Every structure is written in structure tokens, then in C-alpha cells.
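Q: need a structure here:
(2 chains)
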Amino acid sequence: MATTNATIALASDITDSSLSVSNTTALNTAGTSTGVNTLTSVTKVLSSTDHVDLITTGSVSTTHAYVYINNPSTDESQYFHIHIGNAVGSGTYDDGTLPTEEIGTLYAGDWMWFPWDVDDDITIKPSTSDDMTVEYMVFS
Amino acid sequence: MATTATLTIASSDIAGDPVSVSKTSTLSKAGSLNDLDQSTGLSRVHLRSATNKVLLAANAEGNNLAAKVYIINKSTDASLYLTVTINAQTIGKLYGGDFMFIPWSQTDTAASIEVAATNWTASTGDIPVEYALFHEDTDFLTNA
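A: The predicted structure is shown next:
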């Protein structure tokens, strides 16, 4: 059993009264106080706009994981559509022809963090065919 | 007018060497360096339903615009969890104390973010949930 902590800090002055949020959680196996003990860390370069698998269910042996995905680009034209489901070849994506649901768009410099139930693959579609780097970590 | 989000991950023993990741993002409008300028602020609800409830209603106008969602399960009971779904697609389970921070595309009006206290019963007590939405689009409306 390992001890891994994740902390989020949000700071915003959009509203008249500024928002400041900070929370820390220990990454545990499902519903327990036992720490996750497996880490996968990957840096991948994608060179086409095909919609492809990023993290497959077969790569994780549990039913509860934590996922971090980062777009390290500084070019605002380089972003990723992040989906959950199963990618099918290189067809079109969010027009209903592929059995995936788009979670969101990860723009340059953005990161995301979420729990994953490992029922369906995490898939990705880059905005350009330039070499685009994506980084991810899975804790399970 | 800016919003920053920082994630820090630290572990001294999940790998042979300590793991330390820290990443800060300044939340920007889609494909630009302009700051996101709208927010729901931080909201809190008490969930007492094992069936899906709409936490944030999708607005198709939000498609291709930037939006970021923060959700945290404030329960102190590690076994009580929220199941988070988008358009009936399960993303994952937030156990007591867990949080998530994701971009949200709202590809259509079916892409609402829903939560369910899947293992809730009358005896488990409510699950406090806090959430915030940061976004663009002046016509954006949600149920928040």
C-alpha cells in the first residue's frame, strides 16, 4: 500500500468576491482507506487527427482509477478532444457515428483530473496533424 | 480577471523514487489566451438520491467553447460515492473526499453532467457535493 495525495487549488477573481478553493485527497482503492499501489506514466506524441485510444481498460486491472491528462503545448491551436468510450478506427467522432462521449476539450496548457471506472477506454482526437504531445498518469 | 487551477500529486512510495507533479493552468477561452470570464461560483448541494440528478445542464451553445468543471464529494465516509455521468456515459466514482476537474464540451443538450449517490440509503446520510463551473459564452445558462 502506497500513500499518494492529490491536491487541487482553484483561485479566481471572476466574481466580485474572489474564489479560493483548496482540497487534498488520498488516492485510495474503491471505498477503502487503502492506498492505490500502481502508477502508469506516459508521454506520447500524436501525429494525426485520427481519433484513437489513449488509455485502454485492458491497461488497468482495477475498477477504480484516477487519471491525469495534460496538454503541455503552448500553441493555442493545438488541443485535444478527450472522449470516453471505444474508438473505432479513424472515422469522424462527435457526430454520433462513434460510440464515445466527448468529455471535453483540453486546450494548450490545460490539464484534467478525474476518477475513472475503467468500463470504457479513454480516447483522444488531436486538433492538428502536427506532432502533438500528450502526457498522462493513471493511479490504480 | 483570471482563474488558475493547480494540481499537485505527491507520493513517496508508489514508485521506486518519489513522485511529485505540480501543474498550474490559467483557464482560457477556447483556442485563445483570453481568460475565462464567467463562473457559477462555488455551489453546494446535498445528494440523497441513488438515481441520476442533473448537476449541470448542458447548453448546446457551449459546444466548441471552453468550460471547466470542478466537483468534490465532501462526505467524510470513504465508502460513500457519487457516480458521475455525461449523457449516460459513466466517467467514474468520486468517493468521500475525492474531486475531479475536467473540461466540458457540451457537444449537445444531452451532454449534461449528472450525479447519483449510487449506494445511498436513508441510513447513510446525505452526500454533500460542491461544484463550480468556469466558462465563456454570454448566453450560457445552467441550472446551477
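
Q: low-confidence regions, chain B specifically.
A: B:138-144 (pLDDT under 70).

Q: let's see it at 90
A: B:1, B:31-33, B:58-64, B:78, B:87-88, B:106-110, B:119-122, B:124-125, B:137-144 (pLDDT under 90).

Q: residue B:24 - nearest residue in space that isn't next to it in sequence?
A: residue B:6 (4.3 Å; C-beta to C-beta, 6 or more residues apart in numbering or on different chains). (Each C-beta comes from the backbone N, C-alpha and C, glycine too.)

Q: tell me which element that neighbour falls in.
A: strand B:3-11 (DSSP states H and E).

Q: cool, residue A:123 as well?
A: Per DSSP H and E: strand A:121-126 holds residue A:123.

Q: tell me the spacing between residue B:127 and residue B:120.
A: Distance, residue B:127 to residue B:120, by C-beta to C-beta, to the nearest Å: 7 Å.

Q: residues in contact with the strand holding residue A:123?
A: A:46, A:48-57, A:67, A:69, A:78-87, A:93, A:100, A:116, A:132, A:134 (C-beta atoms under 8 Å, 6 or more residues apart in numbering or on different chains).

Q: contacts with chain B among these, please.
A: Taking C-beta under 8 Å from any C-beta of the partner chain as the test, chain B is in contact with A:79, A:81-82, A:84-85, A:116 out of the contacts of strand A:121-126.

Q: give me the buried subset of the residues you listed.
A: A:79, A:81-82, A:84-85, A:116 (16 or more other C-beta atoms under 10 Å in any protein chain shown).

Q: which residues sit in contact with residue B:65?
A: So residue B:65 contacts B:29-30, B:106, B:135-137 (C-beta under 8 Å, 6+ apart).

Q: my guess is the residue nearest to residue B:24 contacts residue B:23. True?
A: Yes: Residue B:6 is within contact range of residue B:23, at 6.9 Å (criterion: C-beta atoms under 8 Å).

Q: whichever residue of chain B sits closest to chain A: how many residues sit nearby?
A: Per C-beta to the nearest C-beta, residue B:103 is where chain B lies closest to chain A, at 2.8 Å. Using other C-beta atoms under 10 Å in any protein chain shown, the number of residues around residue B:103 comes to 25.

Q: who touches it in this structure?
A: A:82, A:103-107, A:110, A:112, B:66-69.

Q: if you set the cut-off to 10 Å instead, what comes out?
A: A:69, A:71, A:79-82, A:102-107, A:110-112, B:27, B:30, B:66-69 (C-beta atoms under 10 Å, 6 or more residues apart in numbering or on different chains).

Q: do residue A:4 as well
A: Neighbours of residue A:4 in contact, by C-beta under 10 Å, 6+ apart: A:25-28, A:35-37, A:39, A:66, A:139, B:9-15, B:19.

Q: any idea how far residue B:41 is from it?
A: In this view, residue A:4 and residue B:41 are 30 Å apart by C-beta to C-beta.

Q: in chain A, where is pLDDT below threshold?
A: In chain A, residues with pLDDT under 90: A:1, A:16, A:50-52, A:85-101.

Q: hmm, what's the outermost residue in chain B?
A: residue B:16 (31.9 Å; C-alpha atoms, centre = their mean).

Q: SS state for the residue of chain A found nearest chain B?
A: Among all residues of chain A, residue A:104 sits closest to chain B, at 2.8 Å; criterion: C-beta to the nearest C-beta. Recorded secondary structure, residue A:104: strand (DSSP: H, G, I helix; E, B strand; the rest coil).

Q: what bridges to it?
A: residue A:82 (DSSP bridges).

Q: which one is residue B:99 nearest to, not counting chain neighbours?
A: Closest to residue B:99 by C-beta to C-beta, 6+ apart is residue B:72, at 3.9 Å.
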